[in-house]
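**Student:** Below are the sequence and a predicted model; questions follow.
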Amino acid sequence: MTFSSNFIRTRQFAYFCLFLLFAGFAQFIAFQAGYRLLEKYAPDWSFIGLFRLGVGVLAAFFLVAALRPFSQSRSVQGDLPAWLIATFWLASFLLLYGAMYAVIYWPDTLAGHVREGGFLSVFTEVLFVLALVFLAVAARRARHISAERLLGLSPSLVILAIAAVAFVVLGEEASWGQHWIGWSTPELFEGNVQNETNLHNFYTYRFEMAYYSVAVLAFIVLPYGWPAEPPRFLRGASLFVPPPMFAIMLLPVCGFMFYNWNYVFFGIWFFTAVLIALDIARRAGKTELVAATLVMAAMLVLSQLVFLARGHTLGWGHELTEVREFAIALGVLGYAVTLWSRVASLSKRAARADIGHAVPKAVHQA
């Protein structure tokens, strides 16, 4: 058994090293072709562009191979209620379909709906507000559950820390209220690309790279690859990691690319998501979960093909980036509802256990 476990760990480490090797090689090819790290340009279908893309696919394959043994030991659905899966799966599917339809039939007017003050921009902020409500309720209920601490913090404090991060992102998205109240931008923010009261538009491309990659890791890679038996110092984190099916609900976070399709790691995240979906479908068991997984994966691929083929017709060119930020906001809300549902279930179990202990004691006293 020990030999087998050590062999699996060694193989995983080797796969992860191969992932880093091929990811680095793909980026090296991009540099050799004359492209900078965060340079946006139309999809490159030349030989060098396709070769780099192929190397990125290999990187994604080895990343999933490294994570797969961990995922195999966890239930695909876990403790996700069927209503939650259905609700957020449908929302993600409609978002992919709606964006694909818009790019095909009214690309020239899409920008008006995603720019600041547009329909999708406003609802991105609304989703963050709703997420904060669910996180606040979850933090309050988490006081009544007993779970392992994470880095010395109680579950309630960890949830409040997550809520604080979500609040900062909401503040940046809403330019700390400027979108709602409409004040003039202070002189301190003169260098802001969009002339707004926020920090992220001083470093737009770097922020996008970090923000989108963290979303992929948190909503897709981590739920898929989290082990059933994590190391002792990470056991307290298991409460906050959703089961693999959560990744399927949020697959669109890995899509919505045109000018940034050639970002090496964005391409790797896209193919990683597709490979993860195929592996989850293979072992989902329930027919409805298999179907939901394959349909979402197919929709992710189909929509991305449309975005690549028709992205040049977009009037502004960055519309899909804004839609992706809406998908991330949907992911934050989905995560908040998942955490709230999990904490509520644990809280009810704790209450039942307390009643179960109290009744025998009362009978004995009588």
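**Tutor:** Yes, it's here.

**Student:** any idea which helix or strand comes after the helix or strand hosting Val55?
**Tutor:** Assessed by DSSP states H and E, Val55 sits inside helix 47-72. Later in the chain than helix 47-72, the nearest helix or strand by DSSP H and E is helix 82-105.

**Student:** So what sits opposite the closest residue to Ala161 other than its chain neighbours in the bridge?
**Tutor:** Nearest non-adjacent residue to Ala161, counting by C-beta to C-beta, 6 or more residues apart in numbering: Leu153, 7.2 Å away. The C-beta positions use only the backbone N, C-alpha and C, and glycine is treated the same way. When assigned by DSSP bridges, Leu153 has beta-bridge partners Leu150.

**Student:** Leu153 and Phe240, how far apart?
**Tutor:** For Leu153, the distance to Phe240 equals 11 Å [C-beta to C-beta, to the nearest Å].

**Student:** just checking, Tyr15 touches Ala66?
**Tutor:** Yes: contact criterion C-beta atoms under 8 Å: Tyr15 and Ala66 qualify, at 3.8 Å.

**Student:** count of neighbours near the closest residue to Lys40 other than its chain neighbours?
**Tutor:** Nearest in space to Lys40, with sequence neighbours left out and distances taken as C-beta to C-beta, 6+ apart, is Tyr259 at 3.9 Å. Tyr259 has 18 neighbours, counted by other C-beta atoms under 10 Å.

**Student:** all numbers from here: first residue = 41
**Tutor:** Sure, I'll start numbering at 41, so the last one becomes Tyr299.

**Student:** Read off the pLDDT value for Tyr299.
**Tutor:** At Tyr299, the model reports a pLDDT of 90.

**Student:** which SSE is it in?
**Tutor:** Short version: Tyr299 belongs to no helix or strand, going by DSSP H and E.

**Student:** so it sits right up against Gly357, yeah?
**Tutor:** Yes: in this structure, Tyr299 is within contact of Gly357 by C-beta under 8 Å, at 5.9 Å.

**Student:** what do those two both touch?
**Tutor:** Gly351 (C-beta atoms under 8 Å, 6 or more residues apart in numbering).

**Student:** neighbour-wise, which of Leu193 and Phe280 wins?
**Tutor:** The residue with more neighbours, out of Leu193 and Phe280, is Phe280; 19 against 13, by other C-beta under 10 Å.

**Student:** show me what contacts that one?
**Tutor:** So Phe280 contacts Leu190, Val198, Ile199, Ile202, Leu379 (C-beta under 8 Å, 6+ apart).

**Student:** so which of those residues is the most crowded?
**Tutor:** Ile199 (27 neighbours).

**Student:** element containing the nearest residue to that residue once chain neighbours are set aside?
**Tutor:** If the residues on either side of it in the chain are set aside, Ile199 comes closest to Ala179, at 4.0 Å by C-beta to C-beta, 6+ apart. Using DSSP H and E, Ala179 sits in helix 159-181.

**Student:** What of Tyr75?
**Tutor:** Per DSSP H and E, there is no helix or strand for Tyr75.

**Student:** Against Tyr264, how distant is it?
**Tutor:** For Tyr75, the distance to Tyr264 - C-beta to C-beta - is 30 Å.

**Student:** about what we covered before: buried residues of the helix or strand following the helix holding Ala179, list them for me.
**Tutor:** On the C-terminal side of helix 159-181, the closest following helix or strand by DSSP H and E is helix 195-213. Across helix 195-213, burial judged by 16 or more other C-beta atoms under 10 Å covers 195-200, 202-203, 206, 209-213.

**Student:** can you check stretch 153-172 too?
**Tutor:** His153, Val154, Arg155, Gly158, Leu160, Ser161, Thr164, Glu165, Leu167, Phe168, Ala171, Leu172.

**Student:** how near is Asn302 to Phe101?
**Tutor:** In terms of C-beta to C-beta, Asn302 sits 20 Å off from Phe101.

**Student:** my bad, Leu58
**Tutor:** Distance from Leu58 to Phe101, by C-beta to C-beta: 9 Å.

**Student:** circling back to that earlier point, from the contacts of Phe280, which is closest to Asp119?
**Tutor:** Of all the contacts of Phe280, Asp119 sits closest to Leu379, with 10.9 Å by C-beta to C-beta.

**Student:** Contacts only, for that closest one.
**Tutor:** Phe174, Leu175, Ala178, Ile199, Ile202, Phe280.

**Student:** closest to Thr361 among these?
**Tutor:** Ile202 (24.4 Å).

**Student:** So that closest one sits against Leu175, correct?
**Tutor:** Yes: with contacts counted by C-beta under 8 Å, Ile202 reaches Leu175, the gap being 6.2 Å.

**Student:** where along the stretch 241-390 of the chain do the helices fall?
**Tutor:** Using DSSP state H, counting those that start in this stretch, the helices of the stretch 241-390 of the chain run over 244-256, 262-265, 285-289, 304-323, 327-350, 359-405.

**Student:** Can you say which of those is nearest to Val143?
**Tutor:** Per C-beta to C-beta, nearest to Val143 of those: helix 327-350, 5.0 Å.

**Student:** Good, wrapping up.
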